[in-house]
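Asks: Structure for this input, please:
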Amino acid sequence: MASTSASNTGRQCQMEQPRHFSAMVDGIVSAGVPSITRMFSSTDPGPLLTMMRDDKVHEYLSDLYLSPTSDEGLSTRPLVYVAETDKDTAKAVEALRQQQVSSGAEGKPFDLVVLPETSFADRSFAKYVSYKPGILVLQPDTPFLVPGGRFNELYGWDSYFMAAGLAAVGDPALDALAKGTVTQLLYQVKHFGKILNANRSYFLNRSQPPFTTSAIGLLGSSLSAQERADMMELALAEYRTVWMSADGGHLDPATGLNKYGGSPVSLCLAVEDGGYDHTFQTMADARGMPVQKLVHDIYRGFGLGRDTSIVDAEIFRTVADDLAMRESGHDTSARVARVASVLAPACLNCLLYKTELDLGLCAAAAQRKAAMNALMWDEERGIFADFNLCDQRREQTPPVVTPAGVVYPLWAGLASAEQAQRLRHTLVTHLEQAGGVVGTSQPLHTVKAGSPSCSSAPSPACSSAHQWDWPWGWAPHQMMAWDGLLRYGFEADARRLAFRWCRMLAEVHARPCQCVPEKFDVVAAGIGGDAAVSTEYGTQCVGKGEYFGWSLASVLYATHHPRGLLSPQMRALLERLGSVDEMLRSGALQAAQARRAGSTDRSGACSVPRLRVPTQGPNSRGQGVLRWLREALSGGFKLRLRLASCRRREVLVCVPWLGAG
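Replies: Numbers count the residues shown, from 1 in each chain. Below you'll find the predicted structure:
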């Protein structure tokens, strides 16, 4: 598997002289967008060959399987897949292969595999998913966007958010890139049956969150009426066959709700070596074997059909949960770990609700909304909770809140006016942090495997790090939060959240690395910490000037949003790139801070601005708080500090601002 990236890059990139925010935006357009653009053509095969050769999975599998040179084992040469239904592209790729062989090009020539047209539920596809890795060729001569860095393929939901950022700018060249990206997504539907996690063969068994109709909606006047009709026809086909088919594995007929899944079931190959150790450690201990050997046996059992006795009910359920979690896009998160295959997530059902409205399926949308209100709406917590289809109950992880049940209902327009008020309050109270929207309102960890519970539900009691949970924040949750709040008239909240996020990204970009990574520690952004993070597979900023798709797109989206998300005062503050303390006490945000500062409830807790400071464990930030307070006091701020509450794992500190001087 791919090797872990350097994890301390953020510390190497210390702050230097501030760069102007506008220069950062210009740099994204001039350097960032071209750096994440790919296209295969007969005259320029470079991107295709790069994607093919950069796949570390091929090297890993040569050690994993017992007979890699046999007919049923791993090919000794890289594989390039073309859909059987696209004969013209197959001819073009074969010509390229022949040219590479005859010219004696550097590196091993690739083998061309024509992918048969059949059901993806067929077990014959297991070999492509599990031990014959290769790149899936997309539509030639059509440029598209990739996330960047180590992720150099077309990714499903990444593509929607990247295209949204580009489409917001209004530049014809960027519009063409957005259109090309959406075109490639629908090429996958036409020739591979669905929008894939990414265009590699080992992703044939899973999709990603369904933003298809929303992606088409981004393209506006760049589409002719016929083009739009053709695209929507493919989107309808994907909706029916992937998400609503009785044998597709995504629909629960009893409730009318949907879940994530995938077929055939297998472990993901695109995981760091050792990435599954935590998942299977308890099972390995029970079997008296090293966890690495158990993981390898599971790969072989699902892929080659060898050692199938190792795949008992417990292992099968664990692998099915893992596959469903990765199809959700939130890989990994304790919210869905070990339960994803039996969970109807609020986020997925919100996306399908909007899809149904976009497709004109109003009756289906109304039925889904009624089911979600009956089964998912939690009046006490003011959220839409995930629904466990196995236990037939709403998932209960109080007081933890996630964007899945708060941001998505606002974005999709599913919430009533009264529900929107509750969701907005939950969002700004529990999820808003100094750098934007956080993945979970507090650390959320995973229970150990082997629990007698049907769901093995997540619990704050055990310890494990997940990149989609506290304290990390991601661009898609920010962009959806902005639009969701604007949809219901909460403009001040949307502006404030956009400002927080852009300020943090600008500060990270101002380091010598000049990098925009894919995820950020949105909590540390407010206490002098390093916003760039290295959870799970390392900080990606290993080279100067690296950009990551949806993060850079979020900046373009905020700065070019048709509703004018960033006010002139906010833009001026971003140009100065001052500290977070200066930003929070600025005149542009004075009204918002006055609304949120100072009041207390009967429990002694206070309203934000506040700092939740873990005092134990790997996320402890006590020293960061001290540095933060020293900086604030040295700046001449008058602060009134009060210890609001002490809990076992954290201290809540209220910091009402009294102004400067």
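Asks: Correct me if wrong: residue 317 contacts residue 340.
Replies: No: counting by Cβ atoms under 8 Å, no contact exists between residue 317 and residue 340, whose distance comes to 10.5 Å. The way it works is simple: take the backbone N, C-alpha and C, and place the C-beta from them, glycine included.
Asks: Those two: who's more crowded?
Replies: The neighbour count for residue 317 versus residue 340, taken as other Cβ atoms under 10 Å, is higher for residue 340 (26 against 18).
Asks: Which neighbours do residue 317 and residue 340 have in common?
Replies: Where contact means Cβ atoms under 8 Å, 6 or more residues apart in numbering, no residue is in contact with each of residue 317 and residue 340.
Asks: Can you name the residues in contact with the helix ranked longest in the chain?
Replies: Once the chain is assigned using DSSP state H, the helix that runs over the most residues is helix 172-192. For helix 172-192, contacts defined as Cβ under 8 Å, 6+ apart pick out 29, 33, 37, 39, 83, 85-86, 115, 136, 138-139, 142-145, 154, 156, 159, 162-164, 166-167, 194-196, 199, 204, 212, 215-216, 218-219, 222-223, 231, 234-235, 237-238.
Asks: Going by neighbour count, which residues of that helix are buried?
Replies: Residues of helix 172-192 classed as buried: 174-175, 177-192 (neighbour count, 16 or more other Cβ atoms under 10 Å).
Asks: That helix: what's the following helix or strand?
Replies: Using DSSP states H and E, the helix or strand that directly follows helix 172-192 along the chain is helix 212-217.
Asks: show me where the stretch 451-600 of the chain has helices.
Replies: Counting by DSSP state H, counting those that start in this stretch, the stretch 451-600 of the chain has these helices, from start to end: 475-487, 491-509, 549-559, 568-576, 580-584, 590-596.
Asks: Mean neighbour count, the ones you listed: which tops it?
Replies: helix 549-559 (a mean of 27; mean count of other Cβ atoms under 10 Å).
Asks: so how far is that helix from its chain's centroid?
Replies: Relative to the centre of its chain, helix 549-559 is centred 14 Å away, using Cα atoms, centre = their mean, to the nearest Å.
Asks: do you know which of the helices of the stretch 451-600 of the chain lies nearest residue 43?
Replies: For the helices of the stretch 451-600 of the chain, distance to residue 43 was read as Cβ to Cβ. The smallest value, 25.5 Å, belongs to helix 549-559.
Asks: List the contacts of the closest one.
Replies: Outside of helix 549-559, the residues within contact range by Cβ under 8 Å, 6+ apart are 24-25, 28-29, 32-33, 36, 145-148, 158, 161-166, 168-169, 474-476, 478-479, 482, 498, 501-502, 505, 516-520, 565-566, 571.
Asks: Kindly recompute the last result at 7 Å.
Replies: Applying Cβ atoms under 7 Å, 6 or more residues apart in numbering, the external contacts of helix 549-559 come out as 25, 28, 32, 36, 145-148, 158, 161-162, 164-166, 168-169, 475-476, 478-479, 498, 501-502, 505, 516-518, 565-566.
Asks: that older thread, pull the CA atoms of the longest helix of the chain into CSV?
Replies: Only the C-alpha atoms of helix 172-192 are listed here, as CSV (Å, rounded to 0.1, in the frame of the first residue of the first chain):
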residue,chain,number,x,y,z
PRO,A,172,-14.9,30.6,-19.3
ALA,A,173,-11.8,28.5,-18.9
LEU,A,174,-12.7,27.4,-15.4
ASP,A,175,-16.3,26.8,-16.6
ALA,A,176,-14.9,24.4,-19.2
LEU,A,177,-13.0,22.6,-16.5
ALA,A,178,-16.0,22.3,-14.3
LYS,A,179,-18.0,21.0,-17.3
GLY,A,180,-15.3,18.5,-18.2
THR,A,181,-15.3,17.2,-14.6
VAL,A,182,-19.0,16.6,-14.5
THR,A,183,-18.9,15.1,-18.0
GLN,A,184,-16.4,12.5,-16.7
LEU,A,185,-18.6,11.7,-13.7
LEU,A,186,-21.5,10.9,-16.1
TYR,A,187,-19.2,8.9,-18.4
GLN,A,188,-18.7,6.6,-15.4
VAL,A,189,-22.4,6.2,-15.0
LYS,A,190,-22.8,5.3,-18.7
HIS,A,191,-19.9,2.9,-18.9
PHE,A,192,-19.2,1.6,-15.3
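Asks: how many degrees apart are it and helix 549-559 in direction?
Replies: Here the directions of helix 172-192 and helix 549-559 differ by 140 degrees (axes from the mean of the first three to the mean of the last three Cα atoms, to 10 degrees).
Asks: mind starting the numbering at 45 from now?
Replies: All set: I'll call the first residue 45, so the last point we hit is now helix 216-236.
Asks: Give the rounded mean pLDDT of helix 216-236.
Replies: In this model, helix 216-236 carries a mean pLDDT of 96.
Asks: Stretch 520-536 too?
Replies: Mean predicted lDDT for stretch 520-536 stands at 98.
Asks: Check the contacts of helix 216-236 for burial and list the buried ones.
Replies: 73, 77, 83, 127, 130, 159, 180, 182-183, 186-189, 198, 200, 203, 206-208, 210-211, 238-240, 243, 248, 256, 259-260, 262-263, 267, 275, 278-279, 282.
Asks: Run a quick check on residue 388 versus residue 303, I expect a contact.
Replies: Yes: counting by Cβ atoms under 7 Å, residue 303 is a contact partner of residue 388 at 5.0 Å.
Asks: which neighbours do the two share?
Replies: 296, 433.
Asks: what's the neighbour count on residue 160?
Replies: Residue 160 is surrounded by 12 other residues when neighbours are defined as other Cβ under 10 Å.
Asks: Just give the nearest non-adjacent residue to it, would you?
Replies: Leaving aside its sequence neighbours, residue 160 sits nearest to residue 128 (Cβ to Cβ, 6 or more residues apart in numbering; 5.4 Å).
Asks: who's in contact with that neighbour?
Replies: Taking Cβ under 7 Å, 6+ apart, we find residue 128 in contact with 158-161.
Asks: ok, now residue 303?
Replies: Residue 303 makes contact with 294, 296, 368, 387-388, 433, according to Cβ under 7 Å, 6+ apart.
Asks: Grab the nearest non-local neighbour of residue 138.
Replies: residue 156 (5.5 Å).
Asks: now the angle from the helix or strand containing that neighbour to helix 216-236?
Replies: Residue 156 is part of strand 155-159, with elements assigned from DSSP H and E. Here strand 155-159 points in a direction 70 degrees away from that of helix 216-236 (the same axes, to 10 degrees).
Asks: Okay, buried residues for strand 155-159 please.
Replies: Along strand 155-159, the positions that meet the burial threshold by neighbour count (16+ other Cβ under 10 Å) are 156-157, 159.
Asks: Okay, now the sheet partners of it, with direction.
Replies: As defined by DSSP bridges, the strand partners of strand 155-159 come to strand 123-127 (parallel).
Asks: which residues touch whichever helix or strand comes after the strand it pairs with?
Replies: On the C-terminal side of strand 123-127, the closest following helix or strand by DSSP H and E is helix 131-147. Helix 131-147 is contacted from outside by 86, 89, 124, 126, 153-154, 156, 158, 181, 184, using Cβ under 7 Å, 6+ apart.
Asks: Name the residues of helix 131-147 that are buried.
Replies: Of the residues in helix 131-147, those buried under the neighbour-count criterion (16+ other Cβ under 10 Å) are 133-134, 136-137, 140-141, 144.
Asks: and those residues as a markdown table, adding pLDDT and distance to residue 597?
Replies: Below are these laid out as a markdown table (pLDDT from 0 to 100; distance: Cβ to Cβ, whole Å):
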| residue | pLDDT | distance to residue 597 |
| --- | --- | --- |
| 133 | 93 | 28 |
| 134 | 92 | 33 |
| 136 | 90 | 30 |
| 137 | 90 | 30 |
| 140 | 86 | 31 |
| 141 | 86 | 34 |
| 144 | 79 | 34 |
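Asks: just these now: which is nearest residue 537?
Replies: Within the buried residues of helix 131-147, proximity to residue 537 (Cβ to Cβ) peaks at residue 133, which comes in at 47.0 Å.
Asks: how much space between the closest one and residue 227?
Replies: With distances taken as Cβ to Cβ, to the nearest Å, residue 133 is found 14 Å from residue 227.
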